[in-house]
Every structure is written in C-alpha cells, then in structure tokens.
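In: only geometry, no sequence info:
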C-alpha cells in the first residue's frame, strides 16, 4: 500500500457567528501519495471550509489532521506556517500573485523562505518549474502584466517550488475560460502522472472532477460517497 | 538569508508606494530637522545668556567678608559653653579685606588637580574725577592673562588690548558707560582718587563692554600692581582669589573645603547665581518638549500610512501567510518598513537640521549689550544629533509596531475566501 500523505480524523467544525452552525461534521478520509483527488459538492456544502482546515490555515476545528503522518498542532502559528511552506503548495481561485514582484520572484519567494537552497539554486529551480509549465518566457515580467491563465500557471509553479507533499487548489479553474481550464487540468494530471505529485482540488466543475483519480463528494458538511 | 528575504519584501512594498513612503519620510525629516534646529538655537542662546554671567563668575570665590568674629570672648568661657549667647551689641571686627597668606594659598591651589586655574583679584573703591564731577566706581586689579584665559576678559575689551595693562605702567581699561561719562577715549588720561584721598593719573589703554550696563557704568580694570600702588599696599595684597574648577559640580563641596582649610570665606557659583541655572534648565526643557512633540506627530503620520498600506496589501499579506510566512515574519516586514522610513527620514532630517542651524548661525544679530556677538548663537552639539536619530528610530518603531501587529494577526482564510 502506498504512503498516506494526508489523513482527516473526525474533523468537525462550527461557525459561531452569528449563530452556531455545524459546517463540517465528522469528516474522515485519507489521501495517498500520487493520488489526484477532487473535492466536489454544491455551493455552501463546506468543501472550501474543509480545504482551509486541511491546509492548516484554519485551526478552529475539532478532530485530528495528519499531514505526512504527523499530527498538526492547532495553536502554534509559526510551526504551521513552516509546514505550509514546506509541505503544502496552494493554488487559489484568484491566482493571488504579489504585484510588487516579477513572475520569477513570485515563484522564488516560498523557496527563499524555506531557506534550504541558495538563492541561485532557488532561482534555477523556479526557472525549471516555469519551463515545465511552459511559461519560462514570462519570468521577468511583472506579475500584473501577464494574463489570467498565465497567472494561474505562475501560481502552480509557486506551489511546486518547495516540492510539497500535496498541492491544494481552491477552485483553481473557477475563474478561467474553457481553454485555460483545460490547460490547468492538463498540468495537474501531468504532475500526477509524471512526478507522482499528490493533488487535492476543490471544484464544482463536474467535467473537471470526472477526469481525476478519485472524487470526494460532500453535502451539508458530510462526505457522501 | 531568512532576514534578507523579509527585507526584500519590505523594500518591494516600500517602492510600490513610494509617494506615500516619501511623505512619511518627509514628516520624520521635518520633525528631526526642527528638533535639531530648535535645540541648537535654544542651547546656543542659553550658552550666550549663561555666558553673560557664568563665564565671568569664578566657580569658587575666596575672600574675606566683613562680619563679626565667630569666636566671641564669651564663647571662650567654659561655663557658658552650653548657653545661648544673646549679646546684641557685637560689631564687625576686622576691616582688613586682604587675604592672609595669599602666596601660600596660591601655591596650594596650583598643586590641586581639581582646579583648572585661578585668577587673583584686588578690588579698590575709587572716585573718578572729571572737573568738578566725582563718579563713584571701582578699580579691579587683575592679572590680564589669567583673567582672559579663565574668564574671557579679552572678549569684552572692545577697543585697545587687555595685555597693555601689564605693558604700560599706570594704565587702566574703562567700562564703556564710565568712559562716556568721563569723555575719555583710548590713550587719554583719567584721574582717580582713593578713599584715603590719594590722587593718581592713569592712562586709558582699553574700553570694555560687558553686556551689563550697570557694571560698565562703574567698573574699570587695571593690573594688580597698579591697584596695589594706588592703595599704597604691598605686593602680596589681594582681596579675592577666583578659582575655576575642572568640574563645576564640585564647587559647593570645594567651597566648604577651602573655607575650612584656608580659614577664609568661600562662595560657590551655584549659591551665587542659582537663578541662571534654573532659567536655562527650563528653556532646555521647553525646547525638548517642543521637539519631542514634533517627533510624536510624525510618528502618528507613519502609523497612519502603515495602517493604510496594510489595508491595501491585505491580499499580499494573505498570500505570504498561505505560502508559509508566519505572523512574526509579516510583523517584521512592516517593522522593517517603519524603521527604514525612520532611518532615511531621520538622516535626511539631521542633514537638513544641520543646514538650517548653520544658516541661522550666519544671520547677523547685533545688540548693544552683547558686543562680541555678531550672529545668532548656535550650539552644534553632536549630542542633539544623537538624540534626534535615536528618537526618530524609537518613534518610527513604535508607530510601526501597532500596524505590524495588526498585519500579523490577519487571517488569510478570511481574505482569500472573501473575494
């Protein structure tokens, strides 16, 4: 059996403001290395909420979260930041690049933060990732001077820079047209196939979900399949 | 490396909003420049005003006061040792104002390493005669070299040369007001009469202007031996020893010590001129409070601009946090931003402050009471610059700390999901 990368044990979460509402109830699942998983469900079913819990950014939950078979602490903010930096790559719906930097620098930032490689090495690795995604020629452009689809690919390159255990995406194609969506999907499946990269992607696009290895379907804060 | 990346991010954020950054930095520069200028000017003025009196006043003055003898015969009788003496008809005894054994005292002062120097002095009350007018005044017998070195005497001699008192026998330097009343100028002769009725002709070799009009209207200076001659006294006759110390704060203690050691009256500068010290410390206090107020206002400016920057950069902060920067990293980024505004603004402020105070130093300032002053007084004390830069760093750090803490607390989930 292959290695478990991410495991959720009895994860339950409430929203308390303005009234106490249960948004996640007793979520249990595992993701193994190399799996390309999509998390789907209707709007408001809690899939994004679950993703943010799994990404360690939201620590207000009950239950246990294990990444790389290690239990995530709930209070130590700087330890969690380090885990995010090292083990999780993130791709958002709205690409979220830093406009003050160029494309290459955006990709390099988490790598420099990790401080495992020298600046020259990080730069070389960043160029590699950009080339894999076919956007090496944009490296020196300002982040706000590239198109939406290109931005999303830059964000994927940034997610890859520290060779994370898992890449998480919150509707990464939600804001893109068909052509760019397909391109992003192709990149993801290529990463899963060629590099054995684990991926967990939240989406409400059925055609996207169907093409992944495994679909986790959610309804009213519960996993239904 | 870890620090460097945070500094790089801070730099990028700073240059992305360089206009705002510049305004914040200008605010700091302005307040530091004003702080420096204000303090330099105020302390220059303080120095000038204090100098009027303090520079010319000995730190410890040794003299013989006219007073009743401390050891009255009644006290020598053992049976009254514990009794209260209320004999009221006691008179001041000695009319000898000369310092006993002045030569020995001077030798011992020379060996005392707490003493910067001393100037002997001899004061003789005289009348200046001009026709049928007699003006009451005084002749101060001085050693022009020691007096100039220690008490800046030559600075107040507006015409003539103080050293001529020694070179020209029977010479005198007159107060400006006195000279005007007697209608004498340089190289004129003036007649003085002592209290004992002796008359002398003295040659005017200089005019001095001290800045204190009453003083200039009655005083004159001559060499010690000239005054001794006028009073018909031997050449060890001195009425005052003016001692200048290395450390003015020691004056009260040393005055007591000398009084006991030399059996003499001693007065320290703090007792004699306490009002000047009060005045200058209050002026200094006022200028510091104005300067520091300016800096605090600049601090609020930085606080505002950083707050606004954080509001604008919410997305960037969220993304930094999502990709693995901790709250502390984000906080440090904003503190670096604040501190670089403080350092750059502060250094420019120091420079502008120096230029401004140098300009003020060149503005002509002429006043009758201050003959040696031609421009506004400025004290270029490096200490002010040190305080200025330290304070600008402290203010900007504090002004940055609160917004930085806010930024570190931003929850990335709320920002990322909020769109």
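Out: Done, it's in. Source: prediction; values computed, not measured.
In: in the stretch 151-300 of chain B, which spans are strands?
Out: Ranges of strands in the stretch 151-300 of chain B, per DSSP state E, counting those that start in this stretch, are B:157-160, B:171-175, B:189-194, B:199-208, B:219-223, B:240-245, B:265-268.
In: Okay, now the sheet partners of the second one, with direction.
Out: Using DSSP bridges, the strands paired with strand B:171-175 in its sheet are strand B:199-208 (parallel), strand B:219-223 (antiparallel).
In: Could you single out the most deeply buried of those strands?
Out: strand B:219-223 (a mean of 25; mean count of other C-beta atoms under 10 Å in any protein chain shown). Where you see a C-beta, it was placed from the backbone N, CA and C, and this is true even at glycine.
In: I'd like the strands paired with strand B:171-175 as JSON lines, with mean pLDDT appended.
Out: Below are the strands paired with strand B:171-175 laid out as JSON lines (pLDDT from 0 to 100):
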{"stretch": "strand B:199-208", "mean pLDDT": "91"}
{"stretch": "strand B:219-223", "mean pLDDT": "92"}
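In: Need those strands in TSV (columns: distance to residue B:144).
Out: Shown next, in TSV, are the strands paired with strand B:171-175 (distance: least, C-beta to C-beta, whole Å):
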stretch	distance to residue B:144
strand B:199-208	10
strand B:219-223	7
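In: Now do residue B:55 against residue A:124, distance only.
Out: 71 Å (C-beta to C-beta, to the nearest Å).
In: List, one by one, the residues from chain B near chain A.
Out: B:1-2, B:5, B:9, B:12-13, B:15-16, B:315-316, B:318-329, B:411-413, B:416-417, B:419 (C-beta under 8 Å from any C-beta of the partner chain).
In: ok, the longest strand seen in chain B: who's next to it in the sheet?
Out: The residue-count maximum for a strand in chain B (DSSP state E) belongs to strand B:115-130. Sheet partners assigned to strand B:115-130 using DSSP bridges are listed as strand B:133-142 (antiparallel), strand B:189-194 (antiparallel), strand B:240-245 (antiparallel).
In: Could you chop chain B up by domain?
Out: As assigned by automatic domain parsing, chain B contains the domains B:2-54+B:276-418, B:60-269.
In: What segments of chain A are strands?
Out: A:4-15, A:21-32, A:36-41, A:62-67, A:70-71, A:88-91, A:166-170, A:198-202, A:214-219, A:222-223.
In: Go through the ones you listed and name the closest to chain B.
Out: Minimum separation from chain B across the strands of chain A (C-beta to the nearest C-beta) falls at strand A:88-91, 5.1 Å.
In: Show me just the buried residues among the residues of chain B next to chain A.
Out: Buried residues within the residues of chain B next to chain A, counting neighbours by 16 or more other C-beta atoms under 10 Å in any protein chain shown: B:5, B:9, B:12-13, B:16, B:315-316, B:318-327, B:329, B:412-413, B:416-417.
In: what residues does stretch B:375-389 touch?
Out: Residues from elsewhere that reach stretch B:375-389 (C-beta atoms under 8 Å, 6 or more residues apart in numbering or on different chains): B:32, B:35-36, B:39-41, B:43-48, B:346-347, B:349-350, B:353-354, B:357-358, B:360-365.
In: Just the buried residues of these.
Out: Counted by 16+ other C-beta under 10 Å, those give B:32, B:35-36, B:39-41, B:43-48, B:346-347, B:349-350, B:353-354, B:357, B:360-361 as buried.
In: Keep only those of these that are in helices.
Out: B:32, B:35-36, B:39-41, B:43-48, B:346-347, B:349-350, B:353-354, B:357, B:360-361 (DSSP state H).
In: Could you list the residues of chain A in contact with chain B?
Out: So chain A meets chain B at A:48, A:52, A:55, A:57-58, A:77-78, A:81-86, A:90, A:92-94, A:96-101, A:109-110, A:112-115, A:119, A:158, A:162, A:170 (C-beta under 8 Å from any C-beta).
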